[in-house]
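Visitor: predicted model follows, preceded by the sequence.
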Amino acid sequence: MMKDNIIRTSHIVRTFPVATGETFLALKDIDIDIARGKLTILKGRSGSGKTTLLNILSALDDATSGELYFEEESIAELDCGERERLRRQQMGFVFQSIALIPIMNAYENVNFALRLAEYEGNRDARIREVLSMVGLEERMQHLPAQMSGGEQQRVAIARAVAHRPKVIFADEPTGALDTMNGLSVMKLFRALIEQEGITIVMTTHDPNLMEFGDVVYEIEDGELIGREEHTHSL
């Protein structure tokens, strides 16, 4: 298997029970490759299955059947502790609901994530580096309530990237932002890919953001119905 894919799936199916006693088929036989050091976008309408797929790719949820591989290691073979360690140390997460800790300032929010990930480097230097990277070096002592939505999301991105994960998963990261701040987040993602060599997988239903992706998968009713690639110059 090619080494330039950090994550791959084989025949992923996800079903959910519904009140009628029947089964809802949320994902149908998904084969997907996530390229290393690229921005992959999962595109689809609300209810299409893109967040369900993101949750499986990030080992937050289990598939009903099929296989998930991270760095060619089968996630199914990891116990709960190993999966938790994988998420804390190798992955970062950015959500539509920004979820900063409200009683911690920007610096402390990033520091908390580094401690959770058991980061072994110079934490202070890394916190300052990532907050500078997202343009918030002057705001590191501010609480979330003292920042705009766009600034809060940039802190969340700094927090997600601080421990040098191999991949960041972002679920509708621009969904709660206006157009300008949404575009700012996407430009930041592209910069992080160039500067940190990170892999980013994100979901969105916004057609204006597709040009930022290296690979765009389209999902409809739980099925992959399209894949396109874009070229980005350094």
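Guide: It's in.
Visitor: list the contacts of the longest helix seen in the chain.
Guide: Using DSSP state H, we find that the single longest helix of the chain is helix 179-196. Applying C-beta atoms under 8 Å, 6 or more residues apart in numbering, the external contacts of helix 179-196 come out as 37-39, 133-134, 148-150, 153-154, 157, 161, 164, 168, 170, 173-174, 177, 198-200, 202, 206, 208-209, 212, 232, 234. The way it works is simple: take the backbone N, C-alpha and C, and place the C-beta from them, glycine included.
Visitor: buried residues, that helix. List them.
Guide: 181-182, 184-186, 188-189, 192-193, 196 (16 or more other C-beta atoms under 10 Å).
Visitor: poorly predicted segments of the chain, please.
Guide: 1-3, 233-234 (pLDDT under 70).
Visitor: how close does the residue nearest the centre of it get to Glu120?
Guide: The residue lying closest to the centre of the chain (C-alpha atoms, centre = their mean) is Phe169, at 1.0 Å. The gap separating Phe169 from Glu120 is 23 Å, by C-beta to C-beta, to the nearest Å.
Visitor: same thing with Pro17?
Guide: 43 Å.
Visitor: and what of Gly49?
Guide: Shown here: Gly49 relative to Glu120, a distance of 38 Å by C-beta to C-beta.
Visitor: Thr179 too?
Guide: 40 Å.
Visitor: ok, now Ala113?
Guide: 14 Å.
Visitor: between those two, who's got more neighbours?
Guide: Taking other C-beta atoms under 10 Å, Ala113 and Glu120 do not tie; Ala113 has more neighbours (24 against 8).
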